[in-house]
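Colleague: sequence first, then the predicted structure:
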Amino acid sequence: MKSYDVFLIDADSTLFDFELAEATAFKTVFEACGFKYSKKILSRYSAINDSLWKKFETGGIKVDEIKTHRFIQLFNEIGIEYNVNDFNSKYVDELAKGAFLIEGAKETCEKITSADKKIYIVTNGLTHVQRTRLSNSLIKEYITECFISELIGYQKPDVRYFEYVLYQIPPVSRDKILMVGDSLTADIAGGNNANIDTCWFNEKGAKNQTTIKPTYEITKLNQLQQFLKQKIH
């Protein structure tokens, strides 16, 4: 098995449990604003939000537009009225508190760094959310730097995002870099665009229904430990 010196790892749904953070934040804010919460409403919000972020990956919408469009669409569908800017501000603040980790994240990050390897977070998420959550997390000491698309001006899978990241980190051969993430369209496609090896974190064992091909596929984060040492034959 090939070994790597640098791990570029996605944040949401790879290191951090985004589903739990999203559900907790949405329920908290929705009820605090005086509305009756239900899992059905959360599910619809999540679907709307996901579709907008997918659109963002292809440059079809800007981050600032996502912040309000998702709630405009949801509120219109379920028939409620509320200032979307205010709701988004409250929601983002709550979301930033959700530093819940995916199973094995802390142990895996510890193993990688103890092997004298580097971890960089590469994310399309919101700056306030990612910075706050990371600073409050149990993995902050293992992360060398966090690269956020909102600050860079390009987003995964745009090769310019990855070129920026690779320019910022200490020089390393691309064949010693591994991109790890749960999104085929953002993480794996982006890594492929940048000509670096990729590892699809497929925690739920989903079927790959795209033409995007990862170099590796794992279902547990601790499986990344196999890439720390070169096996001797």
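Modeller: Right, received. Where do you want to start?

Colleague: longest helix of this protein?
Modeller: Ranked by residue count under DSSP state H, the longest helix found in the chain is helix 39-57.

Colleague: quick one: average pLDDT of that one?
Modeller: Mean pLDDT, computed over helix 39-57, is 97.

Colleague: who's in contact with it?
Modeller: Residues from elsewhere that reach helix 39-57 (C-beta atoms under 8 Å, 6 or more residues apart in numbering): 19, 22-23, 26-27, 30, 61-63, 65-66, 69-70, 73-74, 77-78, 124, 155-157, 185-186. The way it works is simple: take the backbone N, C-alpha and C, and place the C-beta from them, glycine included.

Colleague: tell me the contacts of the residue nearest to Asp17 when sequence neighbours are not counted?
Modeller: Closest residue in space to Asp17, ignoring its immediate chain neighbours: Phe100 at 4.1 Å, by C-beta to C-beta, 6 or more residues apart in numbering. Shown in contact with Phe100 (C-beta under 8 Å, 6+ apart): 16-17, 20-21.

Colleague: most neighbours out of those residues, which is it?
Modeller: Using other C-beta atoms under 10 Å as the neighbour test, the contacts of Phe100 are led by Phe16, with 26 neighbours.

Colleague: my guess is it contacts Ile102, does it?
Modeller: Yes - using C-beta atoms under 8 Å, Phe16 and Ile102 qualify as a contacting pair, with a distance of 6.7 Å.
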